[in-house]
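A.B. asks: sequence plus the predicted model coming up.
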Amino acid sequence: MKKIFIAATKQNDGKTTVSLGLIFNFRDKFKKVAFIKPIGQRYLEEQGIKVDEDSILIEKVTATCQVRCGLKDMSPVAVEKGFTERYISSPDKKSISKQIKKAFNKVGRRQDLVVIEGTGHAGVGSVFDHSNAYVAKLLGSKVIIISSGGIGRPIDEILLNKALFEREGVKVLGVIINKVLPSKFDKINCLVRKGLARKGVDVLGVIPYNPMLSHPTVEQIIEETDFEILCGKESLGSYVSRVMVGAMKPRDAIKYIVNDSLLITPGDREDMITAALGCFRTSDKKELKISGLVLTGNVIPGEPTISLLRNSKIPVLLAKTDTYTAASCVHDLTVKIRPQDKDKIETVIKLVRDNIDFKKILKRI
């Protein structure tokens, strides 16, 4: 059985993106592929148990790759609220190690390849004696480190993380640089390879940034906030490419509206709401289309305006907070790929296939 531990220099560098892409693209080489995220920090309730959301994604979208294992075994340790405090008060390293190894043995039984996804940087989990570096050692896996685009910062962070893995005796296969701006791709691709080669680190791939992968749907915004749905439930799957705050005159604001914009404006700004209605079209995709509206201040417009919004089928959300707070909530969202995001999943598979050296990875594992 082959093993790959997917690590990163920090959260949201793209570990799940790479893991998903590897699983799909390795199916030509391995008949049986399994996945496990030993320690998860963002979990959901699934089948009555706490499971990391990345494990749920992999479990639901990789049926064609014959990833077959129990959902709880794919996510044995969920770091729920109070977990760290309880551990510090009563540490039990052996129990967590046993839990992880037991789950890994179940997941890996009769498999050809196991993709292991870490959480955060190499040191995350040290507070309860299970850093990513230690878990990779515990499972006897070699590591690929993911870092997001740039030159100086990624190289610094990669070397810092590599040192921690090596201290645990874990071999680093190489690194993948993710989310590189297309306008700087050629420059970064060249320099980051030269810079890391000087430090004895091999670059296994450089992946360009695709903004579509970071666009949330209106439904995701609802899930991550306390906004209330007023109308437009049938269009909650619309993607949001730009977030705008409607705080100027409508004729000026219209200039900044692009396709798939989310407009955040006070609920009593009926002039702005009416202007947004004029930008929403369902029949002609060439016209500007608002993805949704967030009305702030817990203010609901008058019935004539609400009636127009219902008829337009624009998703309209109500925020109890002021406009700045509501906009900050949306801006700070962590956008994760979900099983229903088929277009994003297809994009990920192609990005990984086109930009990662699979032959080199196969040779090294």
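C.D. replies: All right, it came through fine.
A.B. asks: every contact and neighbour count from this point should use C-alpha atoms.
C.D. replies: Noted.
A.B. asks: how about stretch 77-89: buried residues?
C.D. replies: Judged by neighbour count using 16 or more other CA atoms under 10 Å, the buried positions of stretch 77-89 are Val77, Ala78, Val79.
A.B. asks: Lys344: which of those residues is nearest?
C.D. replies: Ala78 (25.8 Å; CA to CA).
A.B. asks: re the thing from before, dump the buried residues of stretch 77-89 to JSON lines, plus pLDDT, secondary structure and distance to Ile264.
C.D. replies: JSON lines is the format used below for the buried residues of stretch 77-89 (pLDDT from 0 to 100; DSSP: H, G, I helix; E, B strand; the rest coil; distance: CA to CA, whole Å):
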{"residue": "Val77", "pLDDT": "87", "secondary structure": "strand", "distance to Ile264": "38"}
{"residue": "Ala78", "pLDDT": "83", "secondary structure": "strand", "distance to Ile264": "35"}
{"residue": "Val79", "pLDDT": "85", "secondary structure": "coil", "distance to Ile264": "34"}
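A.B. asks: strands paired with the lengthiest strand in the chain, and their directions?
C.D. replies: When the chain is parsed with DSSP state E, its longest strand is strand 172-180. Paired neighbours of strand 172-180 in the sheet (DSSP bridges): strand 142-148 (parallel), strand 203-208 (parallel).
A.B. asks: picking that back up, the buried residues of stretch 77-89 into JSON lines, with extra columns for distance to Ile145?
C.D. replies: Putting those into JSON lines (distance: CA to CA, whole Å) gives the following:
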{"residue": "Val77", "distance to Ile145": "22"}
{"residue": "Ala78", "distance to Ile145": "22"}
{"residue": "Val79", "distance to Ile145": "22"}
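A.B. asks: what ranges does the stretch 1-150 of the chain have for its strands?
C.D. replies: Taking DSSP state E, counting those that start in this stretch as the criterion, the stretch 1-150 of the chain carries its strands at 2-8, 33-36, 39-40, 43-46, 49-52, 77-78, 113-117, 142-148.
A.B. asks: among those strands, show the one with the smallest mean pLDDT.
C.D. replies: Among these, strand 43-46 carries the lowest mean pLDDT, at a mean of 61.
A.B. asks: got any ranges where the stretch 101-250 of the chain has weak pLDDT?
C.D. replies: Judged by pLDDT under 70, the stretch 101-250 of the chain has no weakly predicted residues.
A.B. asks: still on that earlier bit, can I get the strands paired with strand 172-180 in a markdown table with distance to Gly125?
C.D. replies: As requested, the strands paired with strand 172-180 are exported to a markdown table (distance: least, CA to CA, whole Å):
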| stretch | distance to Gly125 |
| --- | --- |
| strand 142-148 | 17 |
| strand 203-208 | 26 |
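A.B. asks: ranking these by burial, who's on top?
C.D. replies: Counting by mean count of other CA atoms under 10 Å, strand 142-148 has the highest mean neighbour count of the strands paired with strand 172-180, with a mean of 25.
A.B. asks: quick one: that one to strand 113-117, angle?
C.D. replies: With axes from the mean of the first three to the mean of the last three CA atoms, to 10 degrees defining the directions, strand 142-148 sits at 40 degrees from strand 113-117.
A.B. asks: residues in contact with whatever helix or strand comes next after strand 142-148?
C.D. replies: Downstream of strand 142-148, the next assigned helix or strand under DSSP states H and E is helix 152-167. Contact with helix 152-167 is made by 9, 121-123, 133-134, 145, 147-148, 171-172, 175, 177, 192, 195-196, as judged by CA atoms under 8 Å, 6 or more residues apart in numbering.
A.B. asks: drop anything exposed from those.
C.D. replies: 9, 121-123, 133-134, 145, 147-148, 171-172, 175, 177, 192, 196.
A.B. asks: closest to Ala253 among the residues you listed?
C.D. replies: For the buried ones among the contacts of helix 152-167, with Ala253 as the reference and CA to CA as the criterion, the closest is Ser148, at 33.4 Å.
A.B. asks: list the contacts of the closest one.
C.D. replies: Going by CA under 8 Å, 6+ apart, Ser148 touches Asp13, Gly14, Pro154, Ile177, Asn178, Lys179, Val180.
A.B. asks: for Lys179, see how far away it is.
C.D. replies: For Ser148, the distance to Lys179 (CA to CA, to the nearest Å) stands at 5 Å.
A.B. asks: for Gly302, same thing?
C.D. replies: If you go by CA to CA, the gap between Gly302 and Lys179 works out to 44 Å.
A.B. asks: that older thread, so which of the strands of the stretch 1-150 of the chain is the most packed in?
C.D. replies: Comparing the strands of the stretch 1-150 of the chain on average neighbours per residue, with mean count of other CA under 10 Å, the densest one is strand 33-36 at a mean of 28.
A.B. asks: same for it, what does it pack against?
C.D. replies: Packing partners of strand 33-36 (3 or more CA pairs under 8 Å, 6 or more residues apart in numbering; DSSP states H and E): helix 53-61, helix 71-74, helix 93-108, strand 113-117.
A.B. asks: which other helices and strands contact the shortest one?
C.D. replies: Using 3+ CA pairs under 8 Å, 6+ apart as the contact test, the elements touching helix 71-74 are strand 33-36, strand 49-52, helix 53-61, helix 93-108.
A.B. asks: repeat that for the third one.
C.D. replies: Contact here means 3+ CA pairs under 8 Å, 6+ apart; on that basis helix 93-108 packs against strand 33-36, helix 71-74, strand 77-78.
A.B. asks: neighbouring contacts of that helix?
C.D. replies: Applying CA under 8 Å, 6+ apart, the set of residues contacting helix 93-108 is 1, 34-36, 38, 69-70, 73-74, 76-77, 114, 128-130, 138-139.
A.B. asks: make a PyMOL selection of whichever of those turn out to be buried.
C.D. replies: In PyMOL, this line selects whichever of those come out buried by 16+ other CA under 10 Å:
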select buried, resi 34+35+36+38+69+73+74+76+77+114+128+129+130+138+139
